[in-house]
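> Output the structure for:
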Amino acid sequence: MQTAYHTTTTVLPGHRIEVTAPSLPEGAQVRVVLIPEPVANPAPDRRSGLEIIESYKGPGLFRTAEEIDRYINEERDSWDR
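Residues are numbered from 1 along each chain as shown. Below you'll find the predicted structure:
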């Protein structure tokens, strides 16, 4: 019957993993099974504002810069009412 050795390690820079097993003879063939620890709170997909805007595939609300300026000015004017 084979003995299983369990250890925990950290992924090193360059996505490398280093395992030391002094009880195993040098040159022995071993099987390595990697089971990642579950991530408690995975980071949400982060995108910049520009990436979000560039990914928009729908129709544009304005056709020209002048239409944008007109809309902004109308909005500002509505604040004074």
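
> what stretches of the chain score poorly on pLDDT?
Counting by pLDDT under 70, the chain contains low-confidence ranges at 1, 81.

> now the lengthiest helix in it: how far from the chain's centre is it?
As assigned by DSSP state H, the longest helix anywhere in the chain is helix 65-79. Relative to its chain's centre, helix 65-79 lies at 37 Å (CA atoms, centre = their mean, to the nearest Å).

> give me the number of residues near Ile68?
Ile68 has 13 neighbours, counted by other CB atoms under 10 Å. The C-beta positions use only the backbone N, C-alpha and C, and glycine is treated the same way.

> Please tell me how far it sits from Gly49.
Going from Ile68 to Gly49 by CB to CB, to the nearest Å gives 17 Å.

> hmm, back to that, check which residues of the longest helix of the chain are buried.
Within helix 65-79, no residue counts as buried by 16 or more other CB atoms under 10 Å.

> Restricting to C-alpha, output it in PDB.
Taking C-alpha atoms only, helix 65-79 is exported to PDB below (Å, rounded to 0.1, in the frame of the first residue of the first chain):
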ATOM      1  CA  ALA A  65     -21.200  67.000 -29.700                       C
ATOM      2  CA  GLU A  66     -23.700  69.800 -30.200                       C
ATOM      3  CA  GLU A  67     -26.500  67.500 -29.200                       C
ATOM      4  CA  ILE A  68     -24.600  66.500 -26.000                       C
ATOM      5  CA  ASP A  69     -24.000  70.200 -25.100                       C
ATOM      6  CA  ARG A  70     -27.600  71.100 -25.700                       C
ATOM      7  CA  TYR A  71     -28.800  68.200 -23.500                       C
ATOM      8  CA  ILE A  72     -26.400  69.100 -20.700                       C
ATOM      9  CA  ASN A  73     -27.400  72.800 -20.800                       C
ATOM     10  CA  GLU A  74     -31.100  71.900 -20.700                       C
ATOM     11  CA  GLU A  75     -30.400  69.700 -17.600                       C
ATOM     12  CA  ARG A  76     -28.500  72.500 -15.900                       C
ATOM     13  CA  ASP A  77     -31.300  74.900 -16.700                       C
ATOM     14  CA  SER A  78     -33.800  72.600 -15.100                       C
ATOM     15  CA  TRP A  79     -31.900  72.700 -11.800                       C
END
